[in-house]
Structure formats: structure tokens, C-alpha cells
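A.B. asks: have a look at this prediction, sequence included:
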Amino acid sequence: MQISFDEELGGLKEKILLMGSKVEEAIRLAMKSLVDRDTKLSRQIIRDDRDINDLEIEVDETCHRLLALHQPMASDMRFITSAMKINSDLERIGDMAVNIAERAITLNELPPLKPLIDIPRMASIAQEMVKVALDSLVNRDPVAAKKVCERDDEVDNLNDQIIRELLSYMIEDRAAITRALNLIFISRYLERIADHATNVAEDVVYMVQGKDIRHRRG
Amino acid sequence: MIDELAEKEKKERKPVEKEPKNEPRSDSRKIEVAHHEPDASVKKVKMKAEGVCAWFGTKQALFDVNIDINEKAVTAIIGPSGCGKSTLIRCFNRMHETVPGSRFAGDIFLEENSIFDPRMDPVAVRRRVGMVFQKPTPFPTLSIYDNVAVGLRLNGTRDKKTLDEVVEKSLRKAALWEEVKDSLQKAGAALSGGQQQRLCIARSLAVELEVLLMDEPCSALDPISTSKVEELIHELRQNYTIIIVTHNMQQAARVSQKTAFMLNGKLIEYDSTEKVFTNPANKLTEDYITGRFG
């Protein structure tokens, strides 16, 4: 009985990690489709999101089954409840990648507004945060997880800076509004990705240490 | 009625107690509320074990157990078979010493008084600290009514009206009255297992009970009877201090406010039930409640 339960827990972790790697890839490709102005790639990302959505449902079903059949306690309980929350954060990150891809499709139809510098930088920090959050889950490493939470401010600041800059483009030239707005949305999506990565990291800390560090309680 | 009796009894007992209870208690209450439970219903300490060791012949069953039991709360004791849970609660009403060849060291206090004080009558201790066992133990040939009244009769109560009142009140408190009120003269053994268990609880309640020890009270019961007994435990804790030994960890989690984990005769961890079942401090506790051993 215990053996099959441990196997199921292991399977659950693998599913979460599979989902994590798909999500990381989706962010990377969404940014690539924007920078390279590759609409075909954008459409592929939108299609591939279905896999992430299917995984979300599978993970939830596994968690429900484990809770109902095994009444897990202590670290097992913490792992499963955290897995459910991480699951929905990852799925949301996937949606953000889709949103970026959709904006990229619009932007690819129009001449470039400006060379993209800060947005790719922001994307690489957000991607890194997702990656480290997932690594901290694999390694059960609360120290690494807390570092992820600290980086969130960096992304927030970049987001503010990008919005200010694009606002000035819009004030100067009404023809820039559509493109600037789309870029502002992309910046906003990246900022949300960083928030979801922070949530994942906070759940990892709870899972490992049983300590709730959300909302500056750490 | 029974409360009046208990009140009266307390008044009569008072001269024996050396110090007034109020001041030190209100202090300890403050500390409890601040550190243990967010819920302000946390109580003073009702029973206290200090350095308790117990032996059966040469085999030592308990090693230096120290534990404070909160008043009007449910304390669960969990641990694998043979870890000393039952032995510990059998010390709490001096039943351990009734086993031939047994020995005991340390001390146990009921409020301020040691239950091993030579002036304490073990039978009186057992009236105040009653026990319910794994298998229901009604007197099989006595009627339901007499099963409940037996304790009072032994104490010399003869007045029919008083007995009627106490029997009804005890059966009501044990959530059994509605099921048996028309058949009080039937034999106790004619009831179902769950009803018999509640009858035993009613029997304990009929005397001036303060602490109820329950040794695996539901392990011989089906889920419906179990949930009735658990519901009853929940109600009784408004007025009584309850210590429950159980193998069923979900049950411990459901009914208790504090949980003690024992292993090989030692108390390993003792904390709020929520803490023990979500994030235990000790690796052994973690391994036991997640089913990794035991």
C-alpha cells in the first residue's frame, strides 16, 4: 500500500516537472516568435498550450485521488496541496505565453516600433525565475526558492520602466499607439509570469518547511 | 443534578486542597493562549504526569513521561502497538497498579493533588477519572437503567427520584436517551456495540466524573457508531477533560485539540493537533503519521 502511494507521489512530481518544462519552453518560444517576427512559431505555441491544459487536469485528478484514497498527512499532505497550487500557477504561465504569442502575431503585421531590449531582458529574468522555482521543487531547496521571491521586485521595476518608455512613444506619435500598447501588454504578461513563479517558490517553501511565507510573512 | 452533586462534592473536597486555585491558573491560561492555540478556549492544566515510569515485571513500559493535559479539551495519544499509550492512560486513574507484578515511578497530579497521595482513595480517583475501554463493558445482566445507576447506588444513593434524574441526564449527555428511553429495563447486553459503548460513557458520567480516559473506544465499532461516539466526544469536551488513545490517526486529527506521539514507551512529540498533523517537529512522528513505519 505504502509502496504504491510513494510511486504515485513520484509520478505526481514527474508530471508537475513535465508541465514545468513545457511551460518554460512556451515562454522561450513566445519571446522568440516576437523577436524573430515568426508568426508561424506564435501559432504553434497557441496550439501546444493544449498539452499544458491537459496536464493541468491530469495533475488535479491525481491529487484528488491521492487525497481521497490515502488521507495523506504531514509532508505528504503538504506536497499534494502544494502540487495543486503549483499546477494552477504553471497553467496560468502557459496562458501568459499564449497571450504573448497572440500579441506577437499582431505586432508581426506591423513595422517594428523600436529595437526590443528591456522586454527580452525582462523575459529572461522571468524565465529564470520559473526555472529556479522548479529546480527548488526538484531539490527541495527552500533557500533557492526564497531567492526567486526576491527577484520579483526586479521584474516589477522593469515593467514600470517599460511602461514609462512606451508611454512617451505614444505621446509623441499616435501611429505608435497600437504597437506600444501591444508591447505594454507583453510586459505586463511577463510581470505576471514572474508573480506566478513567485507563487510556485512560496509553495515550495511551504512544502519543504511547513512555513507560510506569502504576503511578506516570511 | 449531577452538576450540583459535583459542585457539592467539590465544596466538600476543598479543605483538603492547600492553595486557592485561581491566581496561578489565570496566569498559565494567558501563557497557553499566547503560545499554543489561536482559539481562546484553551484551558488550564487538569492533569499532569511527571517523570512517569512503569513496569510489568522486569519489562519497562514507560520511560520518564512528562505531559500536561488541558482541562475541557481532547488530548489524543497515538503511536504503534506496544508503545505504552494504554499503559500511560491506565496510570492516570491508577489502574496500572491493579496488574499483578506492575510497578510505577514518578507522579501524576489531578489539579494540584497527587493521585498517589496516601490520602487519595484509588476508587475515588477512578470516579473522578473514568475509563472507557476498547470493547464495551456494560454489566451484561443489569438493565440499561441499572448500568447507569450502579455507581450512584454503590455510593449510597437510594432516592428513586434522584436516581431517575441522574440516569436520564447521563443517558442524554451520552446521546443515548432517545434510543433507549422506552426500554430502560432491557439488559445492557441487548444493545448494539455502539450503544453499549455510549452506555459505558453514560455510566462514567453518572458519578462525579471530571476526566474521561478512552482506550480505543471506537476500534470495535462500525463507521456510523464511530461517528456517533466522536460526535459525543465533541460535546463532552464542553464539560469534561478527555484523553483518547487511538490507532486511527484520522480520528485523532478529527476529535482532539492536542496530540501526543509515543514510541517505545517514550513521549516523542506533544503539540497542537494541527501542528502534529501538518508539520510535525520530529522525524519519527512524521514517519509514523505518513505511514512510513509502525
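C.D. replies: Nice, thanks for sending it over. Here the structure is a predicted model, which means the values were calculated and not measured.

A.B. asks: tell me the residues of chain B that contact chain A?
C.D. replies: Proximity of chain B to chain A (CB under 8 Å from any CB of the partner chain) is limited to residues B:249-250, B:253, B:277-280, B:285-286, B:289-292. Where you see a C-beta, it was placed from the backbone N, CA and C, and this is true even at glycine.

A.B. asks: if we use 6 Å, what do you get?
C.D. replies: B:250, B:277, B:279-280, B:286, B:289-291 (CB under 6 Å from any CB of the partner chain).

A.B. asks: just the buried members of the residues you listed?
C.D. replies: Using 16 or more other CB atoms under 10 Å in any protein chain shown as the burial test, the residues of chain B next to chain A include B:277, B:279-280, B:286, B:289-291 as buried.

A.B. asks: find the pair from the residues you listed with maximum spatial separation.
C.D. replies: B:279 and B:291 (16.7 Å; CB to CB).

A.B. asks: export stretch B:265-281 to CSV, keeping only CA atoms.
C.D. replies: Taking C-alpha atoms only, stretch B:265-281 is exported to CSV below (Å, rounded to 0.1, in the frame of the first residue of the first chain):
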residue,chain,number,x,y,z
GLY,B,265,7.5,3.9,26.0
LYS,B,266,8.7,7.4,25.4
LEU,B,267,6.8,10.6,24.6
ILE,B,268,8.3,11.7,21.3
GLU,B,269,6.2,14.8,20.5
TYR,B,270,3.4,16.7,22.1
ASP,B,271,1.8,19.7,20.4
SER,B,272,-1.4,21.1,19.0
THR,B,273,-3.1,18.5,16.8
GLU,B,274,-2.9,20.8,13.8
LYS,B,275,0.8,21.2,14.1
VAL,B,276,1.4,17.5,14.6
PHE,B,277,-0.6,16.5,11.5
THR,B,278,0.5,19.3,9.2
ASN,B,279,4.1,19.9,10.1
PRO,B,280,5.4,17.6,12.9
ALA,B,281,8.7,18.7,14.5
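
A.B. asks: list the buried residues of that stretch.
C.D. replies: Applying 16+ other CB under 10 Å to stretch B:265-281 flags B:265, B:267-273, B:275-280 as buried.

A.B. asks: can you pull out the strands in the stretch 101-250 of chain B?
C.D. replies: B:102-110, B:113-114, B:129-132, B:211-215, B:241-245 (DSSP state E, counting those that start in this stretch).

A.B. asks: let me know which of the ones you listed is tucked in deepest.
C.D. replies: strand B:241-245 (a mean of 26; mean count of other CB atoms under 10 Å in any protein chain shown).

A.B. asks: which elements pack onto the helix or strand harbouring residue A:80?
C.D. replies: Under the criterion of DSSP states H and E, residue A:80 resides in helix A:74-108. With contacts taken as 3 or more CB pairs under 6 Å, 6 or more residues apart in numbering or on different chains; DSSP states H and E, helix A:74-108 sits against helix A:2-35, helix A:39-70, helix A:177-209.

A.B. asks: out of these, nearest to chain B?
C.D. replies: helix A:2-35 (5.3 Å; CB to the nearest CB).

A.B. asks: by contact count, what packs against that closest one?
C.D. replies: Helix A:2-35 packs on helix A:39-70, helix A:74-108, helix A:118-138, going by 3+ CB pairs under 6 Å, 6+ apart.

A.B. asks: make JSON lines out of these and add mean neighbour count and mean pLDDT.
C.D. replies: As requested, the helices and strands packed on helix A:2-35 are arranged in JSON lines below (neighbours: other CB atoms under 10 Å in any protein chain shown; pLDDT from 0 to 100):
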{"stretch": "helix A:39-70", "mean neighbour count": "16", "mean pLDDT": "95"}
{"stretch": "helix A:74-108", "mean neighbour count": "22", "mean pLDDT": "96"}
{"stretch": "helix A:118-138", "mean neighbour count": "21", "mean pLDDT": "95"}
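
A.B. asks: residue A:163 is nearest to which of those?
C.D. replies: When the helices and strands packed on helix A:2-35 are compared (using CB to CB), the closest one is helix A:118-138, at 10.4 Å.

A.B. asks: so what touches that closest one?
C.D. replies: Helix A:118-138 is contacted from outside by A:20, A:24, A:27, A:31, A:144-145, A:148, A:151, A:155, A:158, A:162, A:187, A:190, A:193-194, A:197, A:200-201, A:204, using CB atoms under 6 Å, 6 or more residues apart in numbering or on different chains.

A.B. asks: hang on, the earlier thing: for chain A, state which of the buried ones among the residues of chain B next to chain A is nearest.
C.D. replies: residue B:279 (2.9 Å).

A.B. asks: low-scoring stretches of chain B, by residue?
C.D. replies: For chain B, the stretches with pLDDT under 70 are B:1-43, B:294.

A.B. asks: how about a cut-off of 50?
C.D. replies: B:1, B:5-6, B:9-38, B:40 (pLDDT under 50).

A.B. asks: no more questions from me, cheers.
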